[in-house]
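> kindly return the folded structure for what I paste below:
(one chain, ligands or ions: 1)
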Amino acid sequence: MHKPHPTPQRLADICVVGAGYVGLTAAACFAALGHRVRCVENDQRRLSQMRRGETPIYEPGLDGLLREGMSTGRLTFTSEIDQAVPGAEVAFLCVGTPARPDGHPDLRQLAAAARQVATAATGDLVVAVKSTVPPGTCEALQLLSDDAASPDVRISVASNPEFLRESQAVSDFFHPDRVVVGADEEATGSCIATLYPSEWPMLRCDRRSSELIKYASNTFLALKISFANEIAGLCEHVGAEAVSVLAGVGMDQRIGPSFLAHGPGFGGSCLTKDVSGLVATADALGYDTPVARATLDVNAWARGRVVDKLATLLGSLAGKAIAVLGMAFKAGTDDVRDSPAVTIAERLLAEGAAVSTFDPVAEPEALRHLQHPDAYSAVSGADAVVIATAWPEFAQLDPARLASVMSGRVILDTVGVLDPAAAAASGLDVILPGRSAMDTFHPVMVRPLEWALDAVLV
Ligand SMILES: NC(=O)c1ccc[n+]([C@@H]2O[C@H](COP(=O)([O-])OP(=O)(O)OC[C@H]3O[C@@H](n4cnc5c(N)ncnc54)[C@H](O)[C@@H]3O)[C@@H](O)[C@H]2O)c1
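Next up is the predicted model:
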């Protein structure tokens with residue numbers, strides 16, 4: 001049964017600028033709530049796809065909402081900002097803020113979009129920044145908008161950061177842990193807050209706090225993954241099972257299980273960029289953020305460790321045929337931005353390995369020539385296989401068939417999707433990071449006990 005969408009506190013005409021993962025999801029979901037949404041996208045290819053009712057990105061549930069919004073007439077697409085802004089009460093800026101080499105975000109798309117919106121506005125307008133930005137950005141965009149808008153138009157810039165997860169974006173929009181609205185004027189904040197249903201958890205604050213909430217949240221999520229990887233490495237040294245250790249840690253309600261998984265490290269368009277943005281912002285202010293810096297360092301180590309482990313297992317990588325299964329930065333998305341899998345494949349190539357790849361939906365442009373139509377074809381003749389993305393279909397791979405087409409026996413399952421016992425029955429050697437032979441015993445582990453015994457025996 002189709003569940004009815006929740007009801008917002010009021011209905012409005014809104015405009016969404018940028019139809020990527022965030023903008024298209026927000027546009028389709030706002031239309032589902034009942035708002036009239038005009039979505040502006042300047043990429044002509046994406047625009048024609050959306051006008052045909054197709055989503056240019058892979059996001060479960062989004063295509064249905066897109067078609068629903070278009071069929072009710074509440075969701076329209078244009079490349080002309082002048083057609084989208086006049087008559088709208090709120091314009092949501094959802095354009096990209098990619099990382100610059102120095103760690104700061106590149107805010108050029110955002111500045112251009114804010115200027116275009118302000119120039120196109122024919123009446124008072126609230127501009128809500130959904131893109132992830134460093135604290136102070138909304139204030140800078142306010143100055144820019146005041147400069148670009150005609151004198152009889154008042155633009156009020158506010159922060160409304162987006163917390164959706166790719167692969168669960170639609171569900172995250174309709175079931176948010178919180179909606180954050182940062183505005184320096186009550187009326188501006190209310191104008192945005194009332195577009196959402198009243199029962200959704202809402203945090204209202206000032207603009208800089210709102211901007212920092214997003215940076216701090218992503219830094220904490222990344223920190224949990226780096227912590228899990230650090231503990232998984234320690235598990236290998238003491239002969240413990242990372243899966244059990246992390247499950248036990250995550251069962252503590254003060255900690256929680258999500259993002260407490262070890263693997264090839266975090267990736268995607270947000271985590272590295274936003275932690276780097278937080279570090280760069282703090283650095284510029286002369287404030288040190290050692291925890292955030294360590295989070296990035298451990299992540300780089302986690303990616304490198306996969307290749308180092310493979311080199312140890314195979315003796316050397318040069319000339320070896322290695323299949324990498326999974327290219328997306330995580331399962332359920334086609335996004336390959338900052339994907340650990342891509343880093344791993346590139347490093348294997350740099351070490352002289354012959355690499356073949358497969359992913360159910362993702363296709364990194366630069367590695368397209370390595371891509372195979374299915375997993376068995378990718379692993380055919382491979383000396384070793386790395387599973388780098390936890391696609392559920394990899395758990396269904398037939399070990400006997402894998403063994404029959406591979407040249408070697410080693411499968412490095414960095415995301416723990418395979419059943420090692422079933423694979424072993426087919427003669428495969430599945431290596432799971434975060435565990436080692438339990439029979440390795442290091443006397444150094446019980447050194448405190450030795451000291452205690454010394455004290456007793458004296
Ligand atoms: N992807 C995520 O999971 C996620 C989650 C939360 C927040 N964010 C943040 O949201 C922002 C957008 O992320 P994204 O992943 O959706 O980016 P994206 O690159 O997928 O989409 C941005 C879109 O904006 C369009 N665009 C750029 N300038 C434009 C303009 N002037 N007019 C019209 N269209 C324009 C681009 O063509 C592109 O389609 C970033 O700041 C990101 O950090 C992303």
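
> give me the number of residues near residue 293?
16 (other Cβ atoms under 10 Å). To be clear about C-beta, it is placed using only N, CA and C from the backbone, and glycine gets the same treatment.

> now it, what's its secondary structure?
The three-state assignment at residue 293 reads helix, by DSSP: H, G, I helix; E, B strand; the rest coil.

> cool, and residue 127?
strand.

> helix, strand or coil for the residue lying closest to it once chain neighbours are set aside?
Among residues not flanking residue 127 along the chain, residue 157 sits closest, at 4.7 Å (Cβ to Cβ, 6 or more residues apart in numbering). Secondary structure, three-state DSSP: residue 157 is strand.

> wait, residue 157 sits on residue 145?
Yes. Counting by Cβ atoms under 8 Å, residue 157 touches residue 145, with 6.0 Å between them.

> which one's more surrounded, the two?
Neighbour count, other Cβ under 10 Å: between residue 157 and residue 145, residue 157 has more, with 28 against 23.

> the residue nearest to residue 127 and the ligand: what is the separation?
Separation of residue 157 from the ligand (Cβ to the nearest ligand atom, to the nearest Å): 15 Å.

> give the contact list for that residue.
Residue 157 sits next to 114, 126-127, 129, 138-139, 141-142, 145, 207 when contact means Cβ atoms under 8 Å, 6 or more residues apart in numbering.

> if we use 6 Å, what do you get?
Residues in contact with residue 157 (Cβ atoms under 6 Å, 6 or more residues apart in numbering) are 127, 138, 141-142, 145.

> number of residues surrounding the residue nearest to residue 349 when sequence neighbours are not counted?
Once flanking residues are discounted, residue 349 sits nearest to residue 355: 5.4 Å by Cβ to Cβ, 6+ apart. Neighbour count of residue 355, defined by other Cβ under 10 Å: 22.

> so of the contacts of residue 157, which ones are in strands?
Taking DSSP state E as the definition of strands, those contribute residue 127.

> of the contacts of residue 157, closest to residue 457?
Nearest to residue 457 among the contacts of residue 157 is residue 138, at 67.7 Å by Cβ to Cβ.

> how close does that closest one sit to residue 370?
The gap separating residue 138 from residue 370 is 43 Å, by Cβ to Cβ, to the nearest Å.

> ditto for residue 281
Separation of residue 281 from residue 370 (Cβ to Cβ) stands at 37 Å.

> so for the two, which sits in the more crowded spot?
Set residue 281 next to residue 370 and count neighbours by other Cβ under 10 Å: residue 281 wins out with 21 against 18.

> let me know the pLDDT of that one.
Listed pLDDT for residue 281 reads 97.

> which helix or which strand is home to it?
Residue 281 belongs to helix 271-284 when assigned by DSSP states H and E.

> just checking, what packs against that helix?
Counting contacts by 3 or more Cβ pairs under 6 Å, 6 or more residues apart in numbering; DSSP states H and E, helix 271-284 packs against helix 207-238, helix 290-314.

> before we move on, back to that, tell me the secondary structure for the residue nearest to residue 349?
Per three-state DSSP, the local secondary structure of residue 355 is strand.

> pull the contacting residues for it.
Applying Cβ under 6 Å, 6+ apart, the residues contacting residue 355 are 322, 345, 348-349, 370.

> just those residues now: which is nearest the ligand?
For the contacts of residue 355, the minimum distance to the ligand (Cβ to the nearest ligand atom) is 21.8 Å, reached by residue 345.

> give the contact list for that closest one.
Each residue near residue 345 by Cβ under 6 Å, 6+ apart is listed here: 324, 355, 357, 367.

> could you rerun that using 8 Å?
324, 327, 355, 357, 367, 370, 388.

> now for those residues, which pair is the farthest apart?
Spatial extent of the contacts of residue 345 (Cβ to Cβ) is set by the pair 370 and 388 at 13.0 Å.

> so residue 50 makes contact with residue 62?
No. Between residue 50 and residue 62 there is no contact under Cβ under 8 Å: 10.5 Å.

> the more surrounded of these two?
Taking other Cβ under 10 Å, residue 50 and residue 62 do not tie; residue 50 has more neighbours (23 against 19).

> tell me if residue 37 really is in a helix.
No. Under three-state DSSP, residue 37 sits outside any helix and is assigned strand.

> report the beta-bridge partners for it.
residue 14, residue 75 (DSSP bridges).

> pLDDT score assigned to it?
pLDDT for residue 37: 98.

> so it touches residue 68, yeah?
No. Using Cβ under 8 Å, residue 37 is not in contact with residue 68, being 12.0 Å away.

> for the helix or strand encompassing residue 113, name the packing helices and strands.
Assigned by DSSP H and E, residue 113 belongs to helix 108-120. Using 3 or more Cβ pairs under 8 Å, 6 or more residues apart in numbering; DSSP states H and E, the elements in contact with helix 108-120 are strand 13-17, helix 81-84, strand 90-93, strand 125-129, helix 137-148, strand 155-159.

> okay if I get those as a markdown table plus distance to residue 315?
As requested, these are exported to a markdown table (distance: least, Cβ to Cβ, whole Å):
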| stretch | distance to residue 315 |
| --- | --- |
| strand 13-17 | 53 |
| helix 81-84 | 58 |
| strand 90-93 | 52 |
| strand 125-129 | 52 |
| helix 137-148 | 51 |
| strand 155-159 | 53 |
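
> residues shared between the contacts of residue 37 and residue 68?
28, 31.

> neighbour count for these two, which is higher?
residue 37 (26 against 17).

> ok, that one - contacts?
If you count contacts by Cβ under 8 Å, 6+ apart, residue 37 has them with 14-16, 27-28, 30-31, 69, 74-76.

> cool, residue 375 as well?
Counting by Cβ under 8 Å, 6+ apart, residue 375 has contacts 325, 358, 393-394, 397.

> tell me the confidence at it?
97.

> equivalent analysis for residue 441, please.
65.

> ok, now residue 1?
Predicted confidence (pLDDT) for residue 1: 43.

> just residue 444 next, same as before
Note on residue 444: pLDDT of 72.

> what parts of the stretch 1-150 of the chain come near the ligand?
Residues of the stretch 1-150 of the chain lying close to the ligand by Cβ under 6 Å from any ligand atom are 17-23, 40-43, 46, 94-97, 109, 112-113, 116, 130-132.
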